[in-house]
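Trainee: Here's a sequence, model it:
(chains A, B and C)
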Amino acid sequence: MSWEPTLIHYLLLSAAIFSIGLVGVLVRRNAIILFMSIELMLNSVNLTFIAFSKYRFDMDGHIFAFFVMAVAAAEAAVALAIVLHVFRHKRSVNVDEAQQLRY
Amino acid sequence: MEPLFSNNFHYLGLIVLMPLLGAIINGLLGAKLPSKVVNVVACAPMLLSFVFTLIGVRALLAQGVESEGGRFSMGYLSYTVYEWIYSGSLSADISFMLDPLSATLVLIITGVGFLIHVYSTGYMAQDPSKWRYFSYLNLFVFAMLLLVLGKNLLVTFIGWEGVGVCSYLLIGFWYTDSEKAAAGMKAFVVNRVGDFAFLLGMFILFFTTGTIDYVELSELATNASTVPLLIQIALPVGLLILIGCTGKSAQIPLFVWLPDAMAGPTPVSALIHAATMVTAGVFVICRLNWLFTLDPRLMLTVAVIGCLTAFFAATIAIVQTDIKRVLAYSTISQLGFMFMAVGVGAYTAAIFHVATHAFFKALLFLGAGSVIHGMHHEQDIRKMGGLKKYMPITRWTFLIGCLAIAGVPFLSGFYSKDMILWSALSNVHFLNIEGVMAADVVMAYFTSTVNPFFNAEGVEIVTWAKIVHGGLFGLGLLTALLTAFYMFRLYFMTFEGECRADAETKKHIHESPDSMLIPLIVLAFLSVVAGYIGWPHVVVAFMPEALQSPALLIEHWLDDVFYHSKTFRLTGRFGDHPYGLEALAIAGSVGAAAVGIGTAWFLYIKRPELPAWIAERARLAFKWLENKYYIDELYDRIAVQPTLLLGQLSYWFDRYIIDGLLVNGTGFVAESAGKILRHMQSGNVQRYATYITLALVFILFALIYPACF
Amino acid sequence: MLNMQLSQMNNLAMLTPPSAIELNALIPGAIVTLVAILFILIDVFHRKGTPRDYLAYFSVVGLGVAAASTYFLWDDVLARPVFFGMLYFDRFALFFAALASVAGGLAILCSPAFLRSHRMDRGEYYLLVLLSVVGMIFMVAAADLLTLFVAFEVMSIPIYVLAGFLRDDGRSAEAAMKYFVLGAFSATIMLYGIALIYGATGTTNLEFIGHNLAYLQVAEGVHAGYWMALVGVVLILSGFAFKIAAVPFHIWAPDVYTGSPTPIVGFMASAVKAIAFAAMLRVMVVAFSFESLRGGFFGYGWIDVLFVLAGASMVLGNLVAITQNNVKRMLAYSSVAHAGYILVGFVAANSHPSFFLHNDAILFYLVAYTFGVIGAFGVLAYFGRRGEAVETYEDLGNLGFKYPVMGLVMGICMFSAAGIPPTAGFLAKLYIFSSAVDASIQTGEFAFIGLVILGVLTSVAGVYYYLKVLVYMYMKPALREFRPLDHIGPKVAVVACAVLTLYLGIFPGRALELSREAIVDFVGAPAAVQSVIDQANPIVPDFAVEPAVVAAEPVL
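Mentor: Predicted coordinates:
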């Protein structure tokens, strides 16, 4: 008897990925990896959407996932530009180097 | 009957706007403008406002109709400048209302105000900061118009505060003089006491009824189903507002500021401390007449306060030697008459007296100003005398003013004072409301608009109330006698007899310029004729038919405003017009005027050595009077000294407990908290993300397991 | 059954194109988009080395046309969603479309000279503002979480870029980085919330969500899907709270406001906040007014969350603003405090359907706040020349007398922010607080009174630091010489802001009427709210069509 993943498994998986991404945002200092973590979170959300969509036989989730991908692409482009911008000033892509604005 | 009004009468806005514009222009640019332009900018708005008011009166007359029983109904005109509407309970419109009552006052304010502005251009010609003076004066008129035209208590209160501030500024106008600045301060502080009470009364009214709009309130007060609500609060609210009014209108116990307020320029005394601002108290009570008549105890308090003030101020005036102080005490005394009129339910008489008093008292003050101007700022009447040959026009106009205030027939003062006196005698309060209620004279009678002259069977007027009213009449008559006496004492000492000024001054005594004399002449004319709109009924009865209506113009004009109170809801004059009492009052007041003037003539012209002799004999009494019954000292002892002590105590408390412990403590805590919170902002973006995550986790935890919190 | 109906609807959608009248809904957004496209075209032909002022004016005119179009569309609104439940076309959306356009226009007016002095006179700047406005216009009109999310990102991403627009400025780069990291992070969290809501209700349409949520709580107890929906609501709420900068989601604001180009900060602080509030109002009222989710008075729903955020924002914003020395940073904290005040009104007006009409106080506050804050940042931008920008209080010394117009504008804006009459800020605060008091009196719940007292106390504390600006401008000596960016743009913009602030304070009638109309014409509200609206506005347009009610069985 082969094992069939059900909705709950997809949800758990996506929650796990989301958490991994979240922790990545909180602990990774390299800005590139930090943005990758955000992408990871976005993709875990996509997974949630697809899982629900499939479960409900409803296309809305799929459509949503496509839009999320488009937005994620736009965000990635902006992210890289901003990282470059920071790099030019700090000679580093570590986010904790940028602490000029505080208090 | 359908109330007549138009809510879009823009001229009301213009009436108020004009003085404000004048004040702004002079206040901002006055220092740079040439003197003539300053004069025009100051005077023109007054004239324009006056003209706009006339337009308003015309519109009122046009919409007025004559209803049953020969009653004229004008309704009112209103204009909402802007509405602070909000869906909830909050609604505070800045709106104005012109009805016969406010129209009368506005005509006085702008008309007399215009004359006084013209006069000021001469009086203040040499003052380097004339623009500042005119700016304040225009601002005062603006505030006064707000007070009078306000459609709700809030607008009135804004004006009420505004006139207080302007009065303070103008009293202390020559603030280089520390005594004058102190006088300004005194006026300010005393008025604060009254204002606080006024505000408190307003709040109680608002929280009980939910509205401060005069029209809505009067509807509440005249509707049999809603009036019990107001009857409950009539006494406290009325007393609080009365305290506010005694402050503004210089009545017992808050009259002490007015004589000191004479420190300001004389035209200011004429405008603010004689013709307009001090009558604000009378106006407010008249405006709220339907509230005051609800409780006879309240009315009696007003009447007694007014009567006592009138009498005591008159006695003090007898011995004053400063020309402006005599007039100041006479103002207090006349205001007392107005309060008495209000207190006995003779609102029309009160407003009538406000009008005539505005004319003759402004005339007297301006005449005094002319004298002071001519004598180079000498105010002591002992150093005057015989001025009639130096300043003839001032003398004649001043004489007319004196005759008017003394109550000589055919001059305005006689008519209004007479109306007050016979009203005092005839309008007797019920005083036992419970008894009235028990006697099955139902509420509807007191609140209805049906013919009020119901048969008074079953309503018993307690005897002592009749005695009190007799007392009011008697004291009023005595005050009238004293008034005639001290006014002619003033006149004789100033204008008749030998000149007692030193030679140097004598050389320079001169008649005032035209800009000062023309207002005097106009006011003198008005002081004579203003009374012809309110003849006693007993005289009117003998007049030809055509003249009867104009001869009672003031009564017809204000009929509508005081209609509900004139039903004498809780003051009783029933049946026919009391012609007998009226005749008695006429005889009494003519007699009093004759005796007063005669005594003054005898003492100061015929036997000038007598006053000193009397003063010698009755030194104690003189001393009491000269020191104004030691009221200031009394206040100093019982109020000021303990207050100072308390002040020192509270200063200490404030310094070490409040300031040291609480304020600085709170400040310290707040600042440290701010600093700590500020350092949360570490600059590290990942820490920020952590905060957001933690906050989210916290919120989710709280929502999912609410029991934990 | 649900799926059947929905797929039928989808088929229907494919077969019937939107009616012509629905296209009106696109007009304001389309105008701004068109302006943006034209802008790119014109910018291509721009001669190098010449100033781009004309492009700025072009964008301002375009935004002005968009704002004006809302006036002409005001009476053409529809009482039903358009484009198959994707957008609303109501006065509420038009109101905020106009506000966003005006705010964008004013911000652009402040910019040209500022950008030139920073050697960043690029066309992209204006383009990004225009695109952000497009996002805003569609965000308030969104009737579906999908349109909402896309518009949300269209609004946000240009702002991230604009925050880092000053290429030579390290602080600008840092601000952009922080804003982007936190913004994308919170947007992702919000998206996860949307996914959970989708999972719990099976739809992304706001009205359907509202209907379907009711089935999550069945008679025998709370369904498992309820908890998923609850988490989803909180996550979505956090995304909005981030944009409106409410404590503790405000944490990005001070740093970003300090580092970003000054004219853009005015835009960020006003338009973004206003639009986020509007969208939050729409989403929360339309989709999540299910009673046990809403809570209120510590029934632990999203109202209670916002209640706490309101209190925390007022306290923290004001306390920290007192300790600041940098004026922009002070204004950032003050904007946090203002978010708190608006939240007070928000919480009061939405705690019960019957108070819904009190939301007009929020609208008025947002308008008043927008002009005040753009005016203040406009003045700072005017003194924002590269290398000699006014930063601290000391820098403001004596500027009031030297530049009387700017001093006056700053005075009016500070008075408005502090809530001193006769400025708009005073009335706005008054309306907010009185709506809270009204809610409190009507429900007999004194929690709101407590919030109002807190608000009054903290705004008294706020007077201290607002007036400090004026004290420095008028009473302290100048320490340094500043050469202002002498350009007509910022002058016109700030004077317009000051005049409007005064006008709204003295004659609020028309603006209040508009906000009332906007609130009364709020489409998509659930039945309880709708009945309150109908009472205020008994005339129901005859083309009103009841939204189809889709009943869903409990799933999962």
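Trainee: okay, CA-based contacts and neighbour counts for the rest of this
Mentor: Fine.
Trainee: Tell me the residues of chain A that contact chain B?
Mentor: A:25, A:26, A:27, A:95, A:96, A:98, A:99, A:100, A:101, A:102, A:103 (Cα under 8 Å from any Cα of the partner chain).
Trainee: Show me how to select, in PyMOL, the buried members of those.
Mentor: The PyMOL command for the buried members of these (criterion: 16 or more other Cα atoms under 10 Å in any protein chain shown) is given here:
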select buried, chain A and resi 25+26+95+96+98+99+100+101+102+103
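Trainee: Next, format the residues of chain A next to chain B as TSV and append secondary structure and distance to residue B:583.
Mentor: Listed next are these as TSV, based on DSSP: H, G, I helix; E, B strand; the rest coil; distance: Cα to Cα, whole Å:
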residue	secondary structure	distance to residue B:583
A:25	helix	101
A:26	helix	100
A:27	helix	103
A:95	helix	101
A:96	helix	101
A:98	coil	99
A:99	coil	96
A:100	coil	95
A:101	coil	91
A:102	coil	90
A:103	coil	87
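Trainee: nearest to residue B:508, of the residues of chain A next to chain B?
Mentor: Of all these, residue A:103 has the smallest distance to residue B:508: 75.3 Å, by Cα to Cα.
Trainee: All the strands of the stretch 301-450 of chain B, in order from the start?
Mentor: All strands of the stretch 301-450 of chain B, identified by DSSP state E, counting those that start in this stretch, fall at B:428-429.
Trainee: Now the longest helix anywhere in chain A: buried residues?
Mentor: Criterion DSSP state H: the longest helix present in chain A is helix A:60-90. Residues of helix A:60-90 classed as buried: A:60-62, A:64-65, A:67-69, A:71-72, A:75-76, A:78-79, A:82-87, A:89-90 (neighbour count, 16+ other Cα under 10 Å).
Trainee: can I get the residues of chain A next to chain B in TSV with pLDDT and distance to residue C:374?
Mentor: Formatted as TSV, the residues of chain A next to chain B follow (pLDDT from 0 to 100; distance: Cα to Cα, whole Å):
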residue	pLDDT	distance to residue C:374
A:25	93	33
A:26	92	34
A:27	91	37
A:95	86	30
A:96	83	31
A:98	79	28
A:99	82	27
A:100	82	25
A:101	82	22
A:102	81	23
A:103	74	24
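Trainee: would TSV of the residues of chain A next to chain B with distance to chain C be doable?
Mentor: Below are the residues of chain A next to chain B laid out as TSV (distance: Cα to the nearest Cα, whole Å):
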residue	distance to chain C
A:25	8
A:26	10
A:27	13
A:95	8
A:96	10
A:98	6
A:99	8
A:100	7
A:101	5
A:102	6
A:103	8
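Trainee: which residues touch the closest residue to chain A within the stretch 201-350 of chain C?
Mentor: Closest approach of the stretch 201-350 of chain C to chain A (Cα to the nearest Cα) occurs at residue C:255, with a separation of 5.4 Å. When contacts are counted by Cα atoms under 8 Å, 6 or more residues apart in numbering or on different chains, residue C:255 touches A:101, A:102, B:683, C:175, C:178, C:329.
Trainee: Could you work out the most separated pair of these?
Mentor: C:178 and C:329 (15.3 Å).
Trainee: And those two? Which one has more around it.
Mentor: The neighbour comparison of residue C:178 against residue C:329 (other Cα atoms under 10 Å in any protein chain shown) goes to residue C:178, with 30 against 25.
Trainee: helix or strand for that one, which one?
Mentor: If you go by DSSP states H and E, residue C:178 is part of helix C:170-201.
Trainee: Need the mean per-residue confidence for that helix.
Mentor: Mean pLDDT, helix C:170-201: 94.
Trainee: hmm, back to that, quick one: the residue of the stretch 201-350 of chain C closest to chain A is in a helix?
Mentor: Yes - checked against DSSP: H, G, I helix; E, B strand; the rest coil, residue C:255 lies within a helix.
Trainee: and the closest residue to chain A within the stretch 151-300 of chain B, helix, strand or coil?
Mentor: Here the stretch 151-300 of chain B gets closest to chain A at one residue, residue B:158, 44.8 Å apart by Cα to the nearest Cα. In three-state terms, and counting by three-state DSSP, residue B:158 is helix.
Trainee: What's the local residue count around it?
Mentor: Neighbour tally, residue B:158, other Cα under 10 Å: 16.
Trainee: isn't it right up against residue B:145?
Mentor: No - in this structure, residue B:158 is not within contact of residue B:145 by Cα atoms under 8 Å, at 10.5 Å.
Trainee: Distance of the residue nearest to residue C:204 when sequence neighbours are not counted relative to chain B?
Mentor: Excluding its sequence neighbours, the residue lying closest to residue C:204 (Cα to Cα, 6 or more residues apart in numbering or on different chains) is residue C:145, at 5.3 Å. Distance of residue C:145 to chain B, given as Cα to the nearest Cα, to the nearest Å: 21 Å.
Trainee: As a check, name the ranges of all helices in the stretch 401-550 of chain C.
Mentor: Under the criterion DSSP state H, counting those that start in this stretch, the stretch 401-550 of chain C contains helices at C:404-418, C:424-443, C:447-475, C:488-506, C:509-520, C:527-536.
Trainee: list the helices and strands the shortest one packs on?
Mentor: This means helix C:527-536. For helix C:527-536, the packing partners by 3 or more Cα pairs under 8 Å, 6 or more residues apart in numbering or on different chains; DSSP states H and E come out as helix C:509-520.
Trainee: Now do the buried residues in the helix it packs on.
Mentor: C:511, C:512, C:514, C:515, C:516, C:517, C:518, C:519, C:520.
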